[in-house]
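Q: Just the structure for this:
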Amino acid sequence: MSPMPGFEQLARSLDEDERKSLQRRIRESLSLSDETGSSSYAAELQSTERKRLIEREMGRLGFWDRLVFWFRRLTSTKTDDVVFLKMKLDRMGARVQNRGGEYLDMENRAITPDGATRVYELYRSAYPVIPAFVGIWKNVARFQGMVEYLLRQRIPDSKTDLHDFMTMKDIQDVFLEKESRGEIRRELLSRLDAYINGIHPDIFKHLEDGIWPLYYMRDIGLFSYSDFFALFRADIGLAPPGEESPKFSSASFATVMETLEQLYFALYNAKRSGSTFELHDELIRYYLYSLTVNHEDGAEPDSYKEIEDGVEAIDLDAVKQFKDSLNQLADAAIKLDKDFPFVDLIKWYHEDPYYRFLVYLPKLNLKTFYHAALKIRVLGRLDKRFQDVRLGVVGRMIHRIFQQEPPDFEHYRSTIHASIQKLGLPTFKYMKSLNILYHFIVRRYRGGLQEFVRVLNRITPIRLRSGGRDLLLVSAGLEDIAEKIEKFDQSFAPDADEGKAFFRVRYAVEKDLAQQRAYRAMVLQRDKEARTLIDKGLELLEEVLSALQMLQRNQSPSMAEKYRQFAAPGSSLDSVLKKHTEELEMLRKLITQLVAIEEGH
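A: Numbering: from 1, shown residues only. Have a look, this model is predicted:
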């Protein structure tokens, strides 16, 4: 009966590599990264595509445009495509001048103070929501919490924790049968997968629609307004913007263009939300609630009920105020984009009418997020509660075998090193496992199994005994183990030589820590002796179990008939074999788990 069959099965349900992989899936499913910058970029056309566009547009020129182009071509030594591009740029510059008006000084290639003032109006609308956007998008854990809270509230009969998928009894039943944390994990994840796959896709789609406005408005909320206005030699500070704008200076296109492009990208995304949009209240309520607590990033909440009560306490007027401010910012972004010729100005400045802007929309996959977030939580909870699971299973097995907790040894018991624990020194490991082995031999083996083994030895045909040791010799070996365990216990008696030596060192350590080495060596030696007794006892019981299992497979009618001559009325060989086999198998599991706990596995 090998006492340690694969402690690797007790490894953590969620190791660090898998945790990191799941966290990466969470970030990807919400399009989160360490950098929450713009998702829009400038890009140049490939030469072949540019040539094709020019040829197409040249072919579509109307009569007057063809006439202008023909005249320009007569007065230029450049190629046709260069002449055509120059004509487009000139017209583009004229549109910029007409539309930009007081915002642009085309002659000096600069944005005027009025242009900066116009952007400052956008800043006034953005100011109320800037702290929230910084708090949301610069704190990944907070945003994840917002989304998780939304899912818990909006998904019908939502599940949030380990106990929603498996009760403690469910977990113990699996572990009792399979003796493997991996089997618990498989059953748990099977139930988790079924739950996620059972949620209708339309639910995730609806929830995603109500999150998108935060993504669309992200760049405009996180835009560096202070850096932008610094280019116009103005310091806007941190105070709320006043009714009067700061005194701005002009800023050249060369100085401001890079930041102006970033502003345009932010406006482009903000326009996607439209002037009116639907943003789930739960997101904002959770954000406002999170400002009132001080949870560490990534810390598991102690109570979801406490969180829900806290979120419910948030004033709905505060939520409405935030959403109104966000709508006002969206309106301001749309109006600024209409008033200011961003696209034509940027193309004109780069002298490229085909200058392109690529906008990468974030990906939002709530199903993947929910699955990964729940997997991290339930497996993490399983790891935290696994010791309780094992102790519960141990208690159930002890009750099945003994009906009640066996009494402690007389001397080899936890009280002998109570004071040592306070010093942080090691204590004897195998008190419980050795105690269970001893009481099984004394109470269960001697109490019925031993006599059954003697009967089997008499009725088992010689052909079935080959290859195994005589069960009577095994029985004698178990008696010897029980006697050695009793002597081992008595060796800790205060009047025994070894007991005296132990207590002398134990008391010395309490007063003189220099005696720690001697104490540790003594504990190590006694642990080794206890473990040897356990291994030898289990080895002998394994021989008994193997013999019983062999007889279960090979019992004959004649053996059953012979057994009835010795058995009590109504008792059959098959039923008694089954009873003792199951009890020995459970004892193996019990001691395996006890040793694992005692050794810290």
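Q: C-alpha only now, for contacts and for neighbours.
A: Will do.
Q: in the strand or helix carrying Glu258, what counts as buried?
A: In the assignment (DSSP states H and E), Glu258 maps to helix 253-272. By neighbour count on 16 or more other C-alpha atoms under 10 Å, the buried set for helix 253-272 is 253, 256-257, 259-272.
Q: Helices of the stretch 101-250 of the chain, start to end?
A: In the stretch 101-250 of the chain, the segments counted as helices under DSSP state H, counting those that start in this stretch are 113-126, 130-137, 140-154, 162-165, 168-178, 181-197, 201-209, 212-216, 218-222, 225-230.
Q: mind checking which of those helices is nearest Gly380?
A: helix 162-165 (8.9 Å; C-alpha to C-alpha).
Q: about what we covered before: and the helix holding Glu258 with helix 113-126, angle?
A: On the basis of axes from the mean of the first three to the mean of the last three C-alpha atoms, to 10 degrees, helix 253-272 is oriented at 30 degrees to helix 113-126.
Q: Counting by contacts, list what helix 253-272 packs against.
A: Judged by 3 or more C-alpha pairs under 8 Å, 6 or more residues apart in numbering; DSSP states H and E, helix 253-272 is in contact with helix 212-216, helix 218-222, helix 225-230, helix 316-339, helix 342-349.
Q: Tell me which helix or strand comes right after it.
A: Counting by DSSP H and E, the element after helix 253-272 in chain order, helix or strand, is helix 281-290.
Q: Check what pLDDT Arg526 gets.
A: What the model reports for Arg526 is a pLDDT of 94.
Q: Could you say which helix or strand holds it?
A: Assigned by DSSP H and E, Arg526 belongs to helix 516-554.
Q: Show me which positions of that helix end up buried.
A: By neighbour count on 16+ other C-alpha under 10 Å, the buried set for helix 516-554 is 516, 519, 522-524, 527, 530-531, 533-549, 551-552.
Q: swap in stretch 330-339?
A: Neighbour counts over stretch 330-339 (16+ other C-alpha under 10 Å) mark 330-334, 336-337 as buried.
Q: okay if I get those residues as CSV plus pLDDT and distance to Tyr370?
A: Listed next are the buried residues of stretch 330-339 as CSV, based on pLDDT from 0 to 100; distance: C-alpha to C-alpha, whole Å:
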residue, pLDDT, distance to Tyr370
Ala330, 93, 29
Asp331, 93, 33
Ala332, 94, 34
Ala333, 94, 33
Ile334, 93, 34
Leu336, 94, 38
Asp337, 92, 37
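Q: Name the member of those residues with the shortest distance to Asp512.
A: Using C-alpha to C-alpha, those come closest to Asp512 at Ala330, 73.8 Å.
Q: Please name the residues that touch that closest one.
A: For Ala330, the contact set (C-alpha atoms under 8 Å, 6 or more residues apart in numbering) comprises 217, 270-271, 273-275.
Q: With distance to Lys422 and pLDDT added, can I get these in TSV?
A: Below are those laid out as TSV (distance: C-alpha to C-alpha, whole Å; pLDDT from 0 to 100):
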residue	distance to Lys422	pLDDT
Met217	57	93
Ala270	62	89
Lys271	66	87
Ser273	63	80
Gly274	66	73
Ser275	67	66
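Q: so Arg124 makes contact with Pro241?
A: Yes - taking contacts as C-alpha atoms under 8 Å, Arg124 lies within contact range of Pro241: 6.0 Å.
Q: neighbours around Leu22, how many?
A: Leu22 has 20 neighbours, counted by other C-alpha atoms under 10 Å.
Q: which residue packs closest to it, ignoring adjacent ones?
A: Ala372 (5.6 Å; C-alpha to C-alpha, 6 or more residues apart in numbering).
Q: that's a helix at the one you found, yeah?
A: Yes - Ala372 forms part of a helix when assessed by DSSP: H, G, I helix; E, B strand; the rest coil.
Q: I'd say it and Glu28 touch.
A: No - counting by C-alpha under 8 Å, Ala372 stays clear of Glu28, with 10.8 Å between them.
Q: in which helix or strand would I find Leu358?
A: Here Leu358, judged by DSSP H and E, is contained in strand 356-359.
Q: would you put the C-alpha positions of that strand in PDB?
A: In PDB, the C-alpha atoms belonging to strand 356-359 read as follows (Å, rounded to 0.1, in the frame of the first residue of the first chain):
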ATOM      1  CA  ARG A 356      -4.100  58.500 -44.800                       C
ATOM      2  CA  PHE A 357      -5.300  57.900 -41.300                       C
ATOM      3  CA  LEU A 358      -5.600  54.300 -40.000                       C
ATOM      4  CA  VAL A 359      -8.000  53.800 -37.100                       C
END
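Q: Note down every partner strand of that strand and its orientation.
A: strand 40-43 (antiparallel) (DSSP bridges).
Q: that older thread, out of the helices and strands packed on helix 253-272, which is the most enclosed?
A: Of all those, helix 218-222 carries the top mean neighbour count, a mean of 25, counting by mean count of other C-alpha atoms under 10 Å.
Q: same for it, what does it pack against?
A: Short answer (3+ C-alpha pairs under 8 Å, 6+ apart): helix 218-222 packs on helix 130-137, helix 253-272.
Q: out of the ones you listed, nearest to Arg396?
A: Minimum separation from Arg396 across the helices and strands packed on helix 218-222 (C-alpha to C-alpha) falls at helix 130-137, 47.7 Å.
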